[in-house]
Structures are given as C-alpha cells and as structure tokens.
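In: sequence and predicted model, in that order:
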Amino acid sequence: LHILIGTSLNAQHWEFLGLQDEGINAIQVQQTDEPLLVGTRGNYTTGQSGKIIKVFPSSQIVDTVYNYVNVNEIAHCEHYQIAGTGGVLGLRPGLLKSTDSGDTWFWSDSGIYLTSGILVSALAIHPSNPDTIYLGTGGLDGGSLYRSSNAGLSWEVIADPQTMGGSVSEIAINPSDPDEIFIGNVGVYTLLRTRDAGITYELLAGEWPGSLSDIYIDPISPSRIYISFWQNGLHFSENSGDSWVQVGGFETDLVADIESPIADTNMIFIATGEGVYRSTDSGQSWIPFNQGIDNPIVLALEYDNELNTLYCGDLSGLYMHQNPTTSIVDEFTPLPPTTLLNVKLFPTPTNNTLIANIELASAAQIKIRLFTIDGKNLNGLHAISGQRGINIYQFSETSVLPSGLYILQVEALNDLITRKFTIVK
C-alpha cells in the first residue's frame, strides 16, 4: 500500500507526515537515504491491526511492508532490521527480521518462549558486534532476557523471570563498554545492571513507582544516563546508575521516550503526556516544543543525526521537525488557552465515578476522550455543549475500568488539555 502524505519540507515547526490514528509505538532512522521504519500497534476500538511501515519523507510516500502485527520496538544496524511484536488482538508475538532495509520480513525467534500472553518488548544490538542481540520479553507471568550470538538465528535465556523480577520494558548497552547493560522492568525490580554481559545482575537503588519506559545513555559521556517512566517522570544519573536525581521542569509525570543529538548531548528531547519538551542544559530547564502537533500524548521520538531532524509519533500520527536544535525558542512556546481555561478532576485516585470540572472562558463545544496509558481510546468521542464558567461532566465508564493510570483529554475550539488520573479498586 502506497499513500501520498503531502507536506512541505521547509518549515521550522512540526509537520504532519501522515499515519493518522495508526497508533505509533516505534520509529527507527536507518542509513542515509533510506526510509524511516515505523511500527504501529493494534487498535482495540476499531479492531485494526498494527503494521510495519516504511516512510519516505522526501518523496512524501508511505509503504506498508508487513501487516497484522503489534509492533513494540524496532532496532537496526548496517546489516539488518528487527522488530519485536505481540501484545494485543491475539496477534503473533515474536521477532521479525529484515535484511533488505525493511522491504521483506521473516520470523527469527527460535528458542524464545512465546505464548499469546507473552510479547517481545525490548531490543538492543551490540554496538560493535552485530551478531550479538539482546531481547526482552514481558507478560502476566513476568519476562526473560535473551541473547543471540548469530544475529537472531537462535536464542538463549540469560535471565529468567525470577531474576528479572518483572516484564522487561527496555534494554540499553553502554557504547563504550558493551558488557555493561541496563535492563528496565515493569514489576518488582525496576532497573537492573550487569557489567559482565549478563552473567550477574545488580538491582539499582531508587524510588521509582511505576513502569520504566526508556533508558538513554549519553554516547559521549556514558556515565550520564537518563531513565523515564510512564508514571514517574524523568531521572538522571552521572555515575553510571549508582545514584539518581529526579528531573523536573515540565508539567507531566508521563515520559515515554528520550532523544539527544550526538553533536550536543546537553540538548535533550522528551516525549510526554503533554507533548514534546526540549532542554539545552542537560535537563535543568525545559521549554514546550509542540507547535504543529495535534495531540499532546507523544509516545515515540527518533532523532536523525545526519539530517538534524527529529521525528515524533503521537495518538494522531507521525510528525517531522527539521533543525530542532535551533536556538530560537519563542516559536515553540504554545499560546495560553483562550477558551478552555482549566480542567480539574476529583476524586483522584477514584474507585468508581470520576467528575471533571471544565472551565470555559466562553461558550463552546467540549470534546472529551478517555485513554489508557498506552493510547487505547476507551470511549470514542463525547461532545457536549459547554457554557461559560464551570461545566461538570461525570464519567460512568470509570466504574467498570480496572486499576491503573488513565488519561483524560478535553478539547474546546483550538485548546487542548490533558489530565492523568488513577483508578484504584
């Protein structure tokens, strides 16, 4: 399937590249002049499956190259591309591999324990030996860490669910010392470190409630590490993970992805529940970086060092920003809301009904959407007529939802506000 995605490539803000409502989980820049690889997830509401998609920004074409998969992660090296799958709609879990820049794919997961409740959730390729790949799985019964020494032809378990203490959510290899590997989990052990390529592991200390979403190791100074969480923001270590500090300065605890240009690793971009933020001082201060993005819940970032271009995927599609390292910041600061003034939720946490107080400066239609933390739309779109002042909206859907973290999105005219809330049963 080839689709024109029509865009100008000269603007200094985010430009929409297409893939509307596809549910983007992963973006991977390949070699120079090769297309992007984009992985999407299945959609519970529509029953639509996920895909692997090649995107050609310069020629304005997208090409679906593999269908009927839920893609959790994509990685690549000079010789091949790999994609971890599984998780929703009964789609096959496992590892897909391509050796032709993503044109064709085949399963390469011999030796990995896979069931309908297991998914391949994390991937990392050895920085100097592409025959060595690390792979993490997740599921209701926990996850395991695997290693392949033959570029994915076969796999061996190097850490079982008991050692991992939960589902593996992220793997990061120190580029200067590939025997040092960090493993992020969803479960008891939030962050593990091995310094002997998986023979022994140590649990790194930290107050980290919630699920780890990303690990970023500074390629220039590998002792500097950032970790992000779906519910607990961003944390930083400058001593290879021995100690950590929480990074503030942005208005959300949902941080999904971290990127930085190699030319200036003091500049950090993060994907959050309130859009993209940029820091030019290693996270000491932040500015919103959202002009042109329709949906603030951004789940994937990818930086192209060759072209100085940043890509992001949110709930509405795929975007591109050329020259994101520019020193001009005013254009990225969003205008304050002119109609939608505030949204307050109570009680939170809730175990039954949730009430939203929605404050408008003038009468307008209010559009309300409810999402899970991973972007599943739970209630379609509710539209109500709002009056100036406080408008009270009561959610009955929350009484039947399980415990967890959820996102409420409220829109009025051109204003958009998102709020997180927790259900505890």
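Out: That came in fine, so what should we check first?
In: could you use CA atoms for every contact and neighbour count after this?
Out: Fine.
In: could you list the low-pLDDT ranges of the protein?
Out: Along the chain, segments meeting pLDDT under 70 span 1-12, 32, 42-47, 59-60, 88-89, 187-189, 206-207, 209, 327-338, 374-375.
In: give me the most central residue, it.
Out: L299 (3.4 Å; Cα atoms, centre = their mean).
In: roughly how far is the helix or strand hosting that one from the heart of the chain?
Out: Per DSSP states H and E: L299 is located in strand 298-304. Taking Cα atoms, centre = their mean, to the nearest Å, one finds strand 298-304 lying 8 Å from the centre of the chain it belongs to.
In: identify all contacting residues around that strand.
Out: 24-29, 256-261, 270-276, 309-315 (Cα atoms under 8 Å, 6 or more residues apart in numbering).
In: which helices and strands does whichever helix or strand comes after that strand pack with?
Out: With elements assigned by DSSP H and E, the helix or strand that comes after strand 298-304 is strand 309-314. Using 3 or more Cα pairs under 8 Å, 6 or more residues apart in numbering; DSSP states H and E, the elements in contact with strand 309-314 are strand 24-28, strand 298-304, strand 317-322.
In: for stretch 119-130, buried residues please.
Out: 119-126, 130 (16 or more other Cα atoms under 10 Å).
In: can I get the helices and strands packed on strand 309-314 in CSV with distance to R224?
Out: Below are the helices and strands packed on strand 309-314 laid out as CSV (distance: least, Cα to Cα, whole Å):
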stretch, distance to R224
strand 24-28, 23
strand 298-304, 19
strand 317-322, 26
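In: and the ones you listed: which comes nearest S167?
Out: strand 24-28 (17.4 Å; Cα to Cα).
In: right, and L408 touches R419 too?
Out: Yes - counting by Cα atoms under 8 Å, R419 is a contact partner of L408 at 5.2 Å.
In: in which helix or strand would I find the closest residue to S121 other than its chain neighbours?
Out: Once flanking residues are discounted, S121 sits nearest to T137: 5.2 Å by Cα to Cα, 6 or more residues apart in numbering. Taking DSSP H and E as the definition, T137 sits inside strand 133-139.
In: for the stretch 201-350 of the chain, which segments count as helices?
Out: Ranges of helices in the stretch 201-350 of the chain, per DSSP state H, counting those that start in this stretch: none exist.
In: okay, the nearest residue to C77 once chain neighbours are set aside and S148: tell me how far apart.
Out: Leaving aside its chain neighbours, C77 sits nearest to P130 (6.9 Å; criterion: Cα to Cα, 6+ apart). Taken as Cα to Cα, to the nearest Å, the spacing of P130 relative to S148 amounts to 10 Å.
In: likewise for F395?
Out: Taking Cα to Cα, one finds F395 at 48 Å from S148.
In: show me the contacts for F371.
Out: 377-379, 406-409.
In: give me the neighbour count for the nearest residue to W105 once chain neighbours are set aside.
Out: Distances taken as Cα to Cα, 6+ apart place S98 nearest to W105, at 4.6 Å, with adjacent residues excluded. Residues near S98, counting by other Cα atoms under 10 Å, number 18.
In: contacting residues around S98?
Out: Applying Cα under 8 Å, 6+ apart, the residues near S98 are 80-82, 104-106.
In: what pairs with it across the strands?
Out: Beta-bridge partners of S98, counted by DSSP bridges, are Q81.
In: ok so, going back, residues in contact with the residue nearest to S121?
Out: Here T137 is in contact with 118-122, 143-145, 167-169 (criterion: Cα under 8 Å, 6+ apart).
In: please redo it, this time with the cut-off set to 6 Å
Out: 119-121, 143-144, 168 (Cα atoms under 6 Å, 6 or more residues apart in numbering).
In: next one: P35
Out: 54-56.
In: how much space between the closest residue to P93 other than its chain neighbours and E411?
Out: Among residues not flanking P93 along the chain, G86 sits closest, at 3.7 Å (Cα to Cα, 6+ apart). To E411, G86 is 32 Å away according to Cα to Cα.
In: more neighbours, those two?
Out: Ranked by neighbour count (other Cα under 10 Å), G86 and E411 place G86 first, with 29 against 19.
In: surely the more buried one meets L96?
Out: No - taking contacts as Cα atoms under 6 Å, G86 lies outside contact range of L96: 10.8 Å.
In: helix, strand or coil for T398?
Out: Here T398 takes the helix state, with states given by DSSP: H, G, I helix; E, B strand; the rest coil.
In: so who does it touch?
Out: Here T398 is in contact with 352-353 (Cα under 6 Å, 6+ apart).
In: hang on, the earlier thing: scan the contacts of F371 and report the most crowded one.
Out: Of the contacts of F371, with other Cα under 10 Å as the count, I407 tops at 22 neighbours.
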